[in-house]
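**Student:** please work out how this folds:
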Amino acid sequence: MVIDQNSDTVEKFFDEWEKEKPKKFTPEQLWALTSGFSKSLDSGSCGYVFKGIYNGQKVAVKVLKEEILGDDIKDQFMAEVSTLGNTHHRNLVKLYGFCFQPKMKALVYEFMEKKSLDKVLYGKSSIKSETLCNIAIGTAKGLSYLHEDCQPSIIHYDIKPSNILLDSRFSPKIGDFGMARLLKMDATHVTMSKFRGTPYYCAPELSLPYLKVNHKCDVYSYGMMLFDIVSMRKHERQDAEHWFPRKVWDKYQKGKLEEVMADCIEAKDRKMAKRILIIALSCVEFWDSDRPSMKDVVRLLEGTKEPQMRSNHFLSSLQASASTVAPDRNYRNVKIESVLKWRNFNPLEEKQNIGTSRETINRRDEEKKAFEGNATPIQRQQQEHAIKQDVHGQSHFPLFLFSLVLILFLKYYFDSFFIWIRKTAP
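**Tutor:** Sure, this is the predicted structure:
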């Protein structure tokens, strides 16, 4: 844009830019714009939401509970402000301001008439299937913006129906960026030090601390959410037998995808619903490299690109869902268990706690017969590499400890030797 320096354009530009930045509110200002916090909209474990008026527009003021304000919550608060304060997209919720004072921690958002997507999907309100499709597309566009167009790009980490807000026209807006993380411009991944996200919706790699993750973890969560959108049901059973994507895959193979669709989806929209389910299956692949980007997901939903299904789609990856891995389990055991579940594609087998990497290797030959008949060469290579890498890390620890002791001993010996030389020298 060319700016005419002889006019008020520059001043107007910076005035508008200043307005876009989140405003810092005082507790007194929040008291005034909410009429004394008199109109409650919602309450939860983290805080209370009140309706207010700011600059003539309806806003939602989220006041955090003081007792839950630990270091993690403060980090999430700062992530929310820094992320939404620097992003602008029609499918991201707008943050008008915040309050961060000893007696009050609050966030001021644009008001969303229809609340969150989970209220629509799991409630008794009726909604057109065309509207559900538009919600899926709008959410995908918002995620694509975060991943592709933001500098630095942003990983949300907690995509689920309750974090998708709806305005009066059911236009979706992604919210709750408390777990979001900025990805440096030259980085392709980040290393996780602790669990993030909601277990059922989170990608397998998010359940394993110190594992490298990228934007594809959001793609996985989005795919899990698509299943909820098409079926209009919660699917939080976490055992392999009841894991919903496996049911969808079985129905797809039998040509009966209609059986997992919500009753409200009209006959004319069932073709699109089938397409969404197929896209969802590709989004929840076990390996992040097999999942599409959100930009491709938008193209798939809008019909400018056709989804490609592999013949052995989910034969193994369904068994390695993050929903079957508890985030607070021992890291080494969880990693081995995930690998074994990926190899063992019997959905009725109960999860087993695998003790050590050596025990895993002892079972390898027995499992290999079942695995090799269905896995591709690339999958076999990735599988073997994952187990060897784990054993490699374990076997090197004693060597590292021995080397450390040896270095300390040699240092002590030479220090003593030189002290003796100085004392005996004439």
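
**Student:** every contact and neighbour count from this point should use C-alpha atoms.
**Tutor:** OK.

**Student:** any idea how far Y413 is from L406?
**Tutor:** Distance of L406 to Y413, given as C-alpha to C-alpha, to the nearest Å: 10 Å.

**Student:** actually V298, sorry about that
**Tutor:** 66 Å.

**Student:** who's more crowded, these two?
**Tutor:** Taking other C-alpha atoms under 10 Å, V298 and Y413 do not tie; V298 has more neighbours (22 against 11).

**Student:** correct me, but that one touches T139?
**Tutor:** No - between V298 and T139 there is no contact under C-alpha atoms under 8 Å: 9.2 Å.

**Student:** domains of this structure?
**Tutor:** Here the domain assignment for the chain is 20-110, 117-320, based on automatic domain parsing.

**Student:** most packed of those domains?
**Tutor:** Mean neighbour count (mean count of other C-alpha atoms under 10 Å) peaks for domain 117-320 among these, with a mean of 19.

**Student:** what about that one, average pLDDT?
**Tutor:** The pLDDT scores in domain 117-320 average 84.

**Student:** give the contact list for D290.
**Tutor:** Counting by C-alpha atoms under 8 Å, 6 or more residues apart in numbering, D290 makes contact with S282.

**Student:** how close does it get to L30?
**Tutor:** From D290 across to L30, the span is 47 Å (C-alpha to C-alpha).

**Student:** same question for D263.
**Tutor:** As judged by C-alpha to C-alpha, D263 and L30 stand 43 Å apart.

**Student:** cool, M78 as well?
**Tutor:** According to C-alpha to C-alpha, M78 and L30 sit 19 Å apart.

**Student:** and if you look at V93?
**Tutor:** 19 Å.

**Student:** ditto for S43
**Tutor:** Separation of S43 from L30 (C-alpha to C-alpha): 17 Å.

**Student:** again with M225
**Tutor:** Here M225 is placed at a distance of 34 Å from L30 (C-alpha to C-alpha).

**Student:** and if you look at Y252?
**Tutor:** 52 Å.

**Student:** what of V298?
**Tutor:** Distance of V298 to L30, computed by C-alpha to C-alpha: 38 Å.

**Student:** go on, C99?
**Tutor:** Relative to L30, C99 is positioned 8 Å away (C-alpha to C-alpha).

**Student:** next: V81.
**Tutor:** Look at V81 and L30: by C-alpha to C-alpha, they are 17 Å apart.

**Student:** same deal with T304?
**Tutor:** As for T304, its distance to L30 is 46 Å (criterion: C-alpha to C-alpha).

**Student:** how about W31, nearest residue that isn't a chain neighbour?
**Tutor:** F37 (6.1 Å; C-alpha to C-alpha, 6 or more residues apart in numbering).

**Student:** wait, the one you found touches A60, no?
**Tutor:** No - with contacts counted by C-alpha under 8 Å, F37 stays clear of A60, the gap being 10.7 Å.

**Student:** overlap in contacts of these two?
**Tutor:** Joint contacts of F37 and A60 (C-alpha under 8 Å, 6+ apart) are F50, K51.

**Student:** SS state for Y109?
**Tutor:** Here Y109 takes the strand state, with states given by DSSP: H, G, I helix; E, B strand; the rest coil.

**Student:** residues touching it, list them.
**Tutor:** Y109 neighbours (C-alpha under 8 Å, 6+ apart): V59, A60, V61, K62, V93, K94, L95, Y96, G97.

**Student:** one more pass at 6 Å, please.
**Tutor:** Contact partners of Y109, counting by C-alpha atoms under 6 Å, 6 or more residues apart in numbering, are V59, A60, K94, L95, Y96.

**Student:** so which of the residues you listed belong to strands?
**Tutor:** V59, A60, L95, Y96 (DSSP state E).

**Student:** can you redo the residues you listed as a markdown table with pLDDT and distance to C217?
**Tutor:** Listed next are the ones in strands among the contacts of Y109 as a markdown table, based on pLDDT from 0 to 100; distance: C-alpha to C-alpha, whole Å:
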| residue | pLDDT | distance to C217 |
| --- | --- | --- |
| V59 | 96 | 31 |
| A60 | 94 | 29 |
| L95 | 90 | 24 |
| Y96 | 93 | 28 |
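
**Student:** show me which of the residues you listed is closest to S153.
**Tutor:** Among the ones in strands among the contacts of Y109, L95 lies closest to S153 (C-alpha to C-alpha), at 18.4 Å.

**Student:** how far away is that closest one from N134?
**Tutor:** Distance from L95 to N134, by C-alpha to C-alpha: 23 Å.
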